[in-house]
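J.: Build me a model:
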Amino acid sequence: MDPSKIKILIAEDEEDIRELIHFNLFKEKFKVETAANGAEALAKAKEIKPHLILLDIMMPEMDGLEVCRLVREDASFNDTGIVMLTAKGDEEDIVKGLELGADDYIVKPFSPKIVIARVNAVLRRRIKEEPDGEPVFEIFGIKIDTPRRKVFIDDKEITLTFTEFQILALLSMKAGWVFTRSQIVDTVRGDNHAVTDRSVDVQIVGLRKKLGDKGDLIETVRGVGYRFKELED
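T.: As a prediction, this is how the structure comes out:
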């Protein structure tokens with residue numbers, strides 16, 4: 001991963017924080033653009049198609065959650081990572097951001113080293129990593145095309161967020177295996193990522209809804225976690 005080829009958009013209304021993040025990302029050789037409000041961030045994102053957006057939640061004109069929602073509804077941003085910035089450390093904001101398709105979050109105040117580490121982690125997952133298994137995998141009428149990151153149910157494509165795709169691939173490719181919430185988080189978002197059990201549950205709820213009648217294939221193992229229904233011999 002060559003940083004000089006990676007475009008990052010910082011959307012933050014506080015100038016001091018915006019400039020601090022810009023300075024540290026620029027030192028790492030990333031191509032960096034900035035926006036001071038949500039509307040400007042959305043316009044710049046459409047213009048430059050960044051690999052990653054650092055997105056403050058509390059911004060004028062349009063908040064970060066709304067920007068996240070609009071970005072995730074646009075298929076041209078399917079490969080764009082989103083890291084939410086929140087001053088509150090509020091669980092509701094974190095859960096909502098992850099539900100809308102954010103890849104990660106950082107609670108203010110934060111150190112520049114934390115920002116760089118989180119940015120690199122999301123970029124590595126976005127640019128390099130694919131779920132283990134066959135390039136195209138099918139189970140119970142669900143076809144998972146890992147190189148193109150597409151999912152089809154009975155040959156009809158459904159749209160999943162990055163995290164939903166990773167969870168579906170993880171569970172379905174090891175059908176019958178029980179994964180704890182912590183294992184799901186470690187696999188999808190990286191080790192030692194502080195995500196609440198509730199945020200994993202929210203992702204599962206959203207994934208089941210998008211799978212429609214096949215949502216029941218993701219089974220809850222009470223007190224443990226989740227598994228995908230096992231194929232019968």
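
J.: Please pull out the lowest mean pLDDT helix or strand from the chain.
T.: helix 181-189 (a mean of 77; mean pLDDT, DSSP states H and E).

J.: Okay, angle between the next helix or strand after it and helix 181-189 too, please.
T.: Toward the C-terminal end, the helix or strand that comes next after helix 181-189 (DSSP states H and E) is helix 197-211. Helix 197-211 and helix 181-189 are oriented at 70 degrees to each other (axes from the mean of the first three to the mean of the last three CA atoms, to 10 degrees).

J.: in helix 197-211, what counts as buried?
T.: For helix 197-211, the neighbour count (16 or more other CB atoms under 10 Å) marks 199-200, 203-204, 206-208, 210-211 as buried. Where you see a C-beta, it was placed from the backbone N, CA and C, and this is true even at glycine.

J.: average pLDDT across that helix?
T.: The average pLDDT for helix 197-211 rounds to 87.

J.: One more: stretch 94-114?
T.: Mean predicted confidence for stretch 94-114 is 85.

J.: ok, now how distant is residue 168 from residue 66?
T.: According to CB to CB, to the nearest Å, residue 168 and residue 66 sit 26 Å apart.

J.: Neighbour count: these two, which is higher?
T.: Legend: neighbour count by other CB atoms under 10 Å for residue 168 and residue 66, higher for residue 168 (24 against 16).

J.: Next, the more buried one: phi, psi?
T.: phi -60, psi -40 (degrees, to the nearest 10).

J.: surely it meets residue 149?
T.: No. Here residue 168 does not reach residue 149: they are 10.7 Å apart, not a contact under CB atoms under 8 Å.

J.: Tell me how far the least confident helix or strand of the chain lies from the chain's centre.
T.: Relative to the centre of its chain, helix 181-189 is centred 12 Å away, using CA atoms, centre = their mean, to the nearest Å.

J.: was I right about residue 55 contacting residue 81?
T.: No. Counting by CB under 8 Å, residue 55 stays clear of residue 81, with 10.2 Å between them.

J.: quick one: which of the two has more around it?
T.: Remark: of residue 55 and residue 81, residue 55 carries more neighbours, 28 against 24, as counted by other CB under 10 Å.

J.: any idea how far the nearest residue to that one once chain neighbours are set aside lies from residue 52?
T.: Distance criterion CB to CB, 6 or more residues apart in numbering; nearest residue to residue 55, sequence neighbours excluded, is residue 64 at 4.4 Å. Distance, residue 64 to residue 52, using CB to CB: 14 Å.

J.: Just give me the residue closest to the centre of this structure.
T.: Centroid-nearest residue in the chain: residue 103, 2.5 Å away (criterion: CA atoms, centre = their mean).

J.: the domain parsing of this structure - what is it?
T.: 3-127, 136-228 (automatic domain parsing).

J.: Mind telling me which of those domains the model trusts least?
T.: domain 136-228 (a mean of 85).

J.: so who does the residue nearest to the centre of the chain touch?
T.: 81-83, 122, 125-126, 162-163, 189 (CB atoms under 8 Å, 6 or more residues apart in numbering).

J.: hang on, isn't the residue nearest to residue 55 packed against residue 37?
T.: No. Look at residue 64 against residue 37 with CB under 8 Å: they stay out of range, at 10.1 Å.

J.: which one of those two has more residues nearby?
T.: Neighbour totals were compared for residue 64 and residue 37, and residue 64 leads with 27 against 18 (other CB under 10 Å).

J.: Please report the distance of that one from residue 224.
T.: Distance from residue 64 to residue 224, by CB to CB: 34 Å.
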